[in-house]
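Participant: no sequence for this one, just the structure:
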């Protein structure tokens, strides 16, 4: 039986592309070479390229996502392993393109990607399934902002965040009325829609969920102890937080978090890697957001959780490829 060709597709349009390249490298290194021929493809804002054995760049043909190698051989991929953080790999744009040209890929479909990239819409859908979240107000760029009315409704402090952003850029914690308008300006730099959320005072946990061998599995619950005021970009990517797996919670709370995280995953029709963030208040998990292409570098939370759960990175990644191949047979 000939080996299947897998392109690990990394990069992206946001500042997170640096993390995506590390995530892609781990997947590239971990996939079983007895089963797959593994390649690297990098998608950036201004160029798409394939990296050959010598790390030389070759252009990707966007008509059918193929590459012509220096030997003249025309290479098409059986599966694209999508590990782009942020746009275009986490907001559905890349998946929609792959669907249009008939390219098989790992992870969730374009609709789930687009939905979960939009925090407001995700939380609105999940509230119908009984998954609670913070009280929030949604604003579009250019709308009049009545700071007093917002604070009257939500109280202080509040979080101001871009509605669609793969990373934690543009988020502020606002403790006084006078800070609200400047914080909205910071968030509007990242997106033309923003959310202002009531402050949930509790433990933040990050929950990895994946469909592994036809079962929705909670890989782990990681407690986030930020050194900064909250789990911001610096805390997430520059190590300014302590991550404790498993989280220091009692069994009853753990079961409740696992049930809520599975319910959220299944209700949204998810597939592939996911990491959702919750704040625990009085033992109740309130959802903040769901990431469909979370960091997967060796330092990231999901690989740590998998190791803790007892699934090797090789099996976790191989499972994604096999699922993509089988989905196409249905």
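Facilitator: Noted; the coordinates are in hand. Model, not experiment: these values are computed from the prediction.
Participant: all helices for the chain, in order.
Facilitator: Along the chain, the segments classed as helices by DSSP state H run 17-30, 93-101, 110-117, 119-127, 147-154, 180-188, 233-237, 251-267, 301-309, 313-329.
Participant: Now the weakest link among the ones you listed, please, by mean pLDDT.
Facilitator: Lowest mean pLDDT of the helices of the chain: helix 233-237, a mean of 48.
Participant: Minimum distance to residue 4: which of the helices of the chain has it?
Facilitator: Residue 4 lies closest to helix 313-329 among the helices of the chain, at 6.7 Å (CB to CB). C-beta here means a position set from N, CA and C on the backbone, and glycine is covered the same way.
Participant: starting at the chain centroid, how far to whichever strand in the chain runs longest?
Facilitator: Using DSSP state E to define each element, the chain has its longest strand at strand 215-226. Averaging C-alpha positions (CA atoms, centre = their mean, to the nearest Å) puts strand 215-226 14 Å from its chain's average.
Participant: got a list of contacts for that strand?
Facilitator: Identification of contacts with strand 215-226 by CB atoms under 8 Å, 6 or more residues apart in numbering yields 203-211, 231-232, 235, 240-249, 254, 257-258, 261-262, 265-266, 277, 301-302, 304-306, 308-309, 311.
Participant: how far away is residue 274 from residue 142?
Facilitator: When distance is defined by CB to CB, to the nearest Å, residue 274 is 33 Å away from residue 142.
Participant: Comparing the two, which residue is more hemmed in?
Facilitator: residue 274 (27 against 8; other CB atoms under 10 Å).
Participant: Contact partners for the more buried one?
Facilitator: Applying CB under 8 Å, 6+ apart, the residues contacting residue 274 are 108, 116, 208, 209, 210, 265, 290, 291, 292, 294.
Participant: what bridges to it?
Facilitator: residue 209 (DSSP bridges).
Participant: Then residue 79?
Facilitator: Beta-bridge partners of residue 79, as defined by DSSP bridges: residue 6.
Participant: Residue 163: what's it in contact with?
Facilitator: 118, 119, 120, 138, 191, 193, 194, 195.
Participant: okay but residue 103 is in contact with residue 78, surely?
Facilitator: No. If you go by CB atoms under 8 Å, residue 103 and residue 78 don't touch, sitting 9.5 Å apart.
Participant: ok, residue 192 to residue 164 distance?
Facilitator: 9 Å.
Participant: swap that for residue 265, sorry
Facilitator: Relative to residue 164, and taking CB to CB, residue 265 is found at 20 Å.
Participant: Looking at those two, which is more packed in?
Facilitator: Shown here are residue 265 and residue 164; by other CB under 10 Å, residue 265 has more neighbours (23 against 20).
Participant: quick one: contacts for that one?
Facilitator: 209, 211, 216, 274, 276.
Participant: and the fourth one, how far is that from residue 65?
Facilitator: When you say that, I think you mean residue 274. 24 Å.
Participant: now residue 200
Facilitator: Counting by CB to CB, the gap from residue 200 to residue 65 is 42 Å.
Participant: What is the burial count for residue 257?
Facilitator: Neighbours around residue 257, by other CB under 10 Å: 22.
Participant: Can you mark which positions in stretch 304-317 are buried?
Facilitator: Across stretch 304-317, burial judged by 16 or more other CB atoms under 10 Å covers 304, 305, 306, 307, 309, 311, 313, 316, 317.
Participant: picking up where we left off before, turn the helices of the chain into JSON lines, columns for distance to residue 169.
Facilitator: Formatted as JSON lines, the helices of the chain follow (distance: least, CB to CB, whole Å):
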{"stretch": "helix 17-30", "distance to residue 169": "12"}
{"stretch": "helix 93-101", "distance to residue 169": "19"}
{"stretch": "helix 110-117", "distance to residue 169": "14"}
{"stretch": "helix 119-127", "distance to residue 169": "14"}
{"stretch": "helix 147-154", "distance to residue 169": "22"}
{"stretch": "helix 180-188", "distance to residue 169": "9"}
{"stretch": "helix 233-237", "distance to residue 169": "5"}
{"stretch": "helix 251-267", "distance to residue 169": "24"}
{"stretch": "helix 301-309", "distance to residue 169": "18"}
{"stretch": "helix 313-329", "distance to residue 169": "27"}
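Participant: ok, the residue at minimal distance from the centre of the chain to residue 83 distance?
Facilitator: In the chain, the C-alpha nearest the mean C-alpha coordinate belongs to residue 291, at 2.8 Å (CA atoms, centre = their mean). From residue 291 across to residue 83, the span is 12 Å (CB to CB).
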